[in-house]
Every structure is written in structure tokens, then in C-alpha cells.
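Asker: I'll drop the sequence and a predicted model, then ask my questions.
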Amino acid sequence: MSDALPPLIEALHDPRCYPHPADRVELIETHASWLLLAGEFAYKIKKPITLPFLDYGTLARREACCRDELLLNRRLAPDLYLDVVAIGGTSAQPRFGELPAIEWTVRMRRFDEQGRLDRVAARGELTPKHLSQLAATLCAFWEAAAVAAPATRFGEPEQILAAARENFAELRQLMPPADQPQIEQLALWTEDEFACRADEFAARKLGGRVREGHGDLHLGNLALIDGHVTPFDCIEFNDDFRWNDVASEIAFVWIDLFDHRRPGLATWFLNAWLEVDGDFQALAVLRFYAVYRAMVRAKIAALRARQEDVADKRADLDSARIYLQLGRQIAAPPAPTLVITCGVSGSGKTTASTARLLDPTKAASGSIVRLRSDVERKRLFGLAPQDSSDSAPDGGIYSAEATTRTYARLRSLARTLLAAGWPVIVDAAFLRREERTAFRALAAELGAGFSILATTAPDAELRRRVMARSGDASEATVAVLEKQATWFEPLDDSERACVIRL
């Protein structure tokens, strides 16, 4: 960023230029834009620059990009992005809304900068509820988003690998010699992981999972506005950055939560998305994309180090190294483990498994994937988690046949996830020994650790909890609870040896 501002930007520091009240004007400058904060509004003006990945070189291009920015961002933030405004007059005496235009600007409604999620996280105020809402918002957004046609380049395996290789080529040039071994280690892992997953990348595109998304979903581009997490500032200037596998976009939020030292919330966000979307196949490619996103952030920090003064250079290089280390953690997950719960409705299975998801000590390589029988049972029958099936206690989606299908689905998903290197916790009643034995055998077959999270509570408390439950996927009633008591086969000695003590 230059110290000397262009005459137009200098002139726009005067509150009298604006067609609405403004006591003062604040400027935020990025590598590609100026953002002027005046009164209730913010005005974004694009710098007249051309970079390898961005072209704002002409007034016509800047106008077109302003209009694209408005259109694309209104998909997720319609109340924030208002219109595109011409700036006429002269650089010394600019006038908003006057033609011919000497510049163009995107006009936005201002929000409290303290509501940006990077700042909310830094204050320790980011909650699982915020991230569940974000996951639901993103799922609805991607459901409506345009799907990459088979003939397009977006999401093609060769393009994915080329972008990853480009990161490493630039990092080799930007980082000091001491950091080169880590870069080479990650570059080698990326090549090997891509070779293993090439068919899955192709299948993801054929399956419609490459869509016109956001392209820059880090916490600084998510804001808490009126209690609602709102994504803003999506990529408008480069189609290749915006058209992604949804797994790549999820990976961006996921690794940024780890970078902000919120591993439990990172795991929660991942599971909140999976619970709504059900795209468990994404986990086969998520680690690749997460390392890719970490390398993008490392590259950006290293580029800043080339532009800033000595003190900032050291801080930015340290930031790049943190992302390199984050990439190494993601690329080296521990041996997977399988945990199953065991207990009747209301005994605390979901509460106990939630505590494991939110464990603040987990590293990026240790995110647990939770499979909930209440959710997957409904998914089998085309229902959303919060939908009511209106089933009898042992009928409808809770019949013996439906229960058998549900446990078969849980076992199939657990197999896929364990094989892909993900720790799994299966939140289900597991009242019958044969159900528990089947999952224990699966863990043994795949060489995964196995344990049982057994939960109990007094009868009166079980009844109280079941009657008080609302807003959850479970449809258990007191009648269901009474039937479960007759179905339960207690743990034997070998199973009790696997129990996790709470």
C-alpha cells in the first residue's frame, strides 16, 4: 500500500462530498481497494491496477467488477450490498450519482467491525450456535448456487493440482531457506494425496459438488449482524477463485477456526455442516483442500512480508510458518478411532458426544466426525433433522426394519470415514449386543481403536429430560423410553473393558 493517496481518495475524506450525513470519513485500504466509511454507509472503490489474477485496469473493467460484486454478494448479504454508484465531477470535487463517471463504487450498509467473526473469536464470544447457523446458511446457499457444467474447467482434477502446485512454487521463492524442508514435505504430501484422490475429485464434479460459491470464506469475511452470521466480500474478480468444490469452501472456514485457536468450534462447524448437508463423501478430499487453503494463507502472509517494514516482515513470516505447521498437522492425522455411545433416550449420549466434539485440546488432525442415528434415520426417509415423522414408537421410521436400515447406514458411513482417516463417534442407543458387536468388529477390521461411551441417569431424570426435549432430531417420548428399557441388553465384561469413564 502506498502512503500517497490519489486525489480522488483524498477528496472523498471530506464528509461534505457525500449525499447524506457523515461526521467523519474513515479509510480502510487493501491491496486492491479503498473502502471509505461515511455515516451509515461504506463505499468500496477498486484500485486501477492489473495483477496476474485480477484486472481493474480500466474504468469500464472497474464498473463491470462493481456490478458483479453487487450481484454476487447479494446472494448471501442482500441487506448489506445496496447498489453501484457513479462518481462524477472531478477528482478534486467529486459528486456522487453524476455522469459521466470518473469512477465507480459499490455502496454498502455499514456494520459494526467488532462483529467480524475473527474479532468475535478473539474475544472468546464465538459460539457453536453461531457456527450451526452459518452451516445452515451455507448449505442453503450452495443448494441454490449454479453447478459447474461438465465441459467447464472448474473443479477439473488437473486444475485442482495446478493451483496447489502454484502455491508451492511461490512459497519456494518467498520463504527463507530454513522453511524449505517443510514446504517440500507438504508439496510431496499434496502430490501423493492427489494421486490417491484423483478419481474422487472427478466424481465430485460429476456429482454436482462444484458450484459458484464465495471463494474467500475466512473469518474476516463473516460478520455477526443482528445476531446472524452473514458472509460478505466474495470473490468477483476471478472465476477460478469462486467456482469451487463445496468441500474447499468448508475447508477454508475449518482451518481458519484452527488458526484462531478454536479447535472445538472447528470440529463443531464441520459436523454442523455434515448434519444438514449429509455430504460425507466430501471428507475424502477435505484434508487435501484444507492443506491447499492453509498454503494459500501462508503464501499471502509471505507476500506481505515482502512488502512491509522489517518488524512487520518478521510477524508476517511467523504467520506464514504457523500456516505451514497447520498444514503439517492436517496432513498427518493420528490413527483413526471409533467410539459408540450406549444408553436409552435421555441418558446423555448426545450431550456426552458433544463434549468430545468441543474439546478445546484437539489439534487440526484430530477433528471427530459424529454420526447421529436420529439424523441419519430421518435422512434415509427424506426428512430433515428437525422434521417430525409422526411415527408410532415402534412403527414408521422407527419400525424394526427401519432401525436395521439405520444401523446399516451408520456402519457403512463409519467404514468410509475410518478408511479415509477420520475419527468417528456414533451417537445411537446401541441397546442390543449384536449392534455393538458389529461396530466393534468394524473397528478391528480397519485397525481402529474402539471404545464405548456409556451413559445412564435415574428413571425420574430420564423421564424429565425426554419430556422437556425440544428442537432436536430425536422424537423419543416416555412411551419410547419404556420400550427401550425392555430392549436393552447390558454390557458384558469384554464391553465394559471398552467403556470410557466420564
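Answerer: Here it is on my side, so go on.
Asker: any idea where the helices of the stretch 51-200 of the chain begin and end?
Answerer: 59-73, 117-122, 128-144, 157-174, 180-206 (DSSP state H, counting those that start in this stretch).
Asker: tabulate those helices (a markdown table), appending mean neighbour count and distance to Val369.
Answerer: Bear in mind the C-beta positions are built from the backbone N, C-alpha and C, glycine included. As requested, these are exported to a markdown table (neighbours: other CB atoms under 10 Å; distance: least, CB to CB, whole Å):
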| stretch | mean neighbour count | distance to Val369 |
| --- | --- | --- |
| helix 59-73 | 17 | 31 |
| helix 117-122 | 19 | 22 |
| helix 128-144 | 18 | 14 |
| helix 157-174 | 17 | 23 |
| helix 180-206 | 16 | 17 |
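Asker: to Ala101, which of the ones you listed lies closest?
Answerer: Distance to Ala101, taken as CB to CB, is lowest for helix 59-73 among the helices of the stretch 51-200 of the chain, at 7.1 Å.
Asker: packing partners for that closest one?
Answerer: Applying 3 or more CB pairs under 8 Å, 6 or more residues apart in numbering; DSSP states H and E, one finds that helix 59-73 makes contact with strand 41-46, strand 81-89, strand 103-109.
Asker: now with 6 Å, please.
Answerer: strand 81-89, strand 103-109 (3 or more CB pairs under 6 Å, 6 or more residues apart in numbering; DSSP states H and E).
Asker: how about JSON lines for those, with distance to Asp279, mean pLDDT and mean neighbour count added?
Answerer: Listed next are these as JSON lines, based on distance: least, CB to CB, whole Å; pLDDT from 0 to 100; neighbours: other CB atoms under 10 Å:
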{"stretch": "strand 81-89", "distance to Asp279": "28", "mean pLDDT": "98", "mean neighbour count": "17"}
{"stretch": "strand 103-109", "distance to Asp279": "32", "mean pLDDT": "98", "mean neighbour count": "21"}
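Asker: just to revisit the earlier point, quick one: closest of the helices of the stretch 51-200 of the chain to Arg95.
Answerer: Closest to Arg95 of the helices of the stretch 51-200 of the chain is helix 59-73 (CB to CB; 16.2 Å).
Asker: could you dump that closest one to CSV, C-alpha only?
Answerer: Coordinates of each C-alpha in helix 59-73 appear next as CSV, following Å, rounded to 0.1, in the frame of the first residue of the first chain:
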residue,chain,number,x,y,z
LEU,A,59,-12.8,2.3,-15.8
ALA,A,60,-15.0,0.0,-17.8
ARG,A,61,-13.5,-3.0,-16.1
ARG,A,62,-13.9,-1.5,-12.7
GLU,A,63,-17.6,-0.7,-13.4
ALA,A,64,-18.2,-4.3,-14.6
CYS,A,65,-16.5,-5.7,-11.5
CYS,A,66,-18.5,-3.4,-9.2
ARG,A,67,-21.7,-4.7,-10.8
ASP,A,68,-20.5,-8.3,-10.5
GLU,A,69,-19.6,-7.7,-6.8
LEU,A,70,-23.1,-6.3,-6.1
LEU,A,71,-24.9,-9.2,-7.9
LEU,A,72,-22.7,-12.0,-6.4
ASN,A,73,-22.7,-10.7,-2.8
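Asker: quick one: contacts of it?
Answerer: Helix 59-73 is contacted by residues 46, 55-56, 81, 84, 104, 106, 234, 236-237 when judged by CB atoms under 6 Å, 6 or more residues apart in numbering.
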